[in-house]
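Participant: how would this look folded up:
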Amino acid sequence: MLGMLFWGVLYANVGWADFSGYGRVEVFLREMALVNIMLLAGLGLDYRALRSLFRFIMQLTVVPTVAEVMTVTILARYLLALPWLWGVLLGLVVTAISPNVVVTVLLRLKEERLGLNKGIHTLIIAVTSCNDVLAIFLFGVILGLIFTTGEYASCVCVCVVPVTHPFTLKTPYRFRATLT
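Facilitator: Prediction:
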């Protein structure tokens, strides 16, 4: 992984490669690399362990993410004199975990049959993936809030409602089903 990073920096900065006409290909390759990493992570999950550890996974995803974002936001506000929303954006960049490192190491440990009994692999891989999904989603919401030209409420509706829409549709039906 470090070798690929080194060669990428070398090619881009030394001038050996000119990717000026291939912007769309570069974006596609980056997205496919993320899909490949997440696919490997998904193949390493144990469904029974995932179901039994779901609440713990959500706690390990949300609590550290919120704590890191708050810490970086406060530090960015008072040390770098950034606005609050830019501090949150910086915090979301800092809190994202690289799943490449975690998934590679855990899959190697899984091949050696270390720690399989308690679902530790599933827990760590799921937390890593959920942390990235949460950070990317919130990054998009905050970025939309920063660059919005209208009301904040309309931006939040545009950013958050498409994600929460399936949940809001199911809730009244569940409530009605429990009454009958």
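
Participant: Please report how far Val127 lies from Val63.
Facilitator: Counting by C-beta to C-beta, to the nearest Å, the gap from Val127 to Val63 is 11 Å. The C-beta positions use only the backbone N, C-alpha and C, and glycine is treated the same way.

Participant: wait, Val94
Facilitator: 16 Å.

Participant: try Gly87
Facilitator: Taking C-beta to C-beta, one finds Gly87 at 19 Å from Val63.

Participant: hang on, the earlier thing: quick check on Val94 and Val63: which one has the bigger neighbour count.
Facilitator: Higher neighbour count among Val94 and Val63: Val94, with 15 against 10, using other C-beta atoms under 10 Å.

Participant: what about the residue lying closest to the more buried one once chain neighbours are set aside, how many neighbours?
Facilitator: In this structure, Val94 finds its nearest non-sequential neighbour in Val72, 5.1 Å apart by C-beta to C-beta, 6 or more residues apart in numbering. The number of residues packed near Val72 is 20, by other C-beta under 10 Å.

Participant: Ala41 versus Val72, what's the distance?
Facilitator: 25 Å.
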